[in-house]
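Asks: how would this look folded up:
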Amino acid sequence: MVSPVKVWRNQRKLRDYLGHTGVIVSYSIIRVPPFGFAGQAPYPVVIIRIDGSSSRIFCQMVDCLPDDLRTGRSVRLVLRRVTEPDPDGVIPYGLKAVPVSAPAAAAGEKPGLRKGRS
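Replies: I've put the predicted structure just below:
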């Protein structure tokens with residue numbers, strides 16, 4: 001089990017980036033996921049350059065159709081569920097990227113590489 005102190009410290013770091021915007025520098029589709037992410041595969045991961053900073057963030061991209069994934073696309077960092085709850089029922093949350101303008105969402109379609117997955 002992860003120490004509650006480590007979880008709290010990590011959440012303080014996440015808070016610094018939550019809601020920030022940036023652009024996709026690079027991306028890839030994960031087809032063979034690590035343990036705990038099998039139910040989400042395939043899913044895109046991106047490297048984002050944060051606007052107004054030299055910082056870069058590596059995270060999962062959500063609410064984006066595969067054809068809309070491209071370098072230079074504007075994204076915003078949001079808080080989302082990362083994996084399934086652990087045996088104690090704790091739901092892990094982390095940063096994920098969403099498109100600043102999601103054309104599929106505007107059309108009433110639920111976007112994503114796999115419907116119902118974040």
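Asks: Just the CA trace of stretch 43-51, in PDB.
Replies: Only the C-alpha atoms of stretch 43-51 are listed here, as PDB (Å, rounded to 0.1, in the frame of the first residue of the first chain):
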ATOM      1  CA  TYR A  43      -5.100   4.400 -25.400                       C
ATOM      2  CA  PRO A  44      -3.100   7.400 -26.500                       C
ATOM      3  CA  VAL A  45      -0.300   9.000 -24.400                       C
ATOM      4  CA  VAL A  46       1.100  12.400 -25.100                       C
ATOM      5  CA  ILE A  47       4.000  14.700 -24.200                       C
ATOM      6  CA  ILE A  48       2.700  18.200 -23.600                       C
ATOM      7  CA  ARG A  49       4.700  21.500 -23.500                       C
ATOM      8  CA  ILE A  50       2.900  23.700 -20.900                       C
ATOM      9  CA  ASP A  51       2.100  27.100 -22.200                       C
END
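Asks: Could you look up the SS state of G39?
Replies: helix (DSSP: H, G, I helix; E, B strand; the rest coil).
Asks: neighbours around it, how many?
Replies: G39 has 11 neighbours, counted by other Cβ atoms under 10 Å. Bear in mind the C-beta positions are built from the backbone N, C-alpha and C, glycine included.
Asks: what does P44 give?
Replies: There are 19 residues near P44, going by other Cβ under 10 Å.
Asks: Likewise for D51?
Replies: 13.
Asks: Please name the residues that touch it.
Replies: H20, T21, G22, V23 (Cβ atoms under 8 Å, 6 or more residues apart in numbering).
Asks: 6 Å instead?
Replies: The neighbourhood of D51, defined by Cβ atoms under 6 Å, 6 or more residues apart in numbering, consists of T21, G22.
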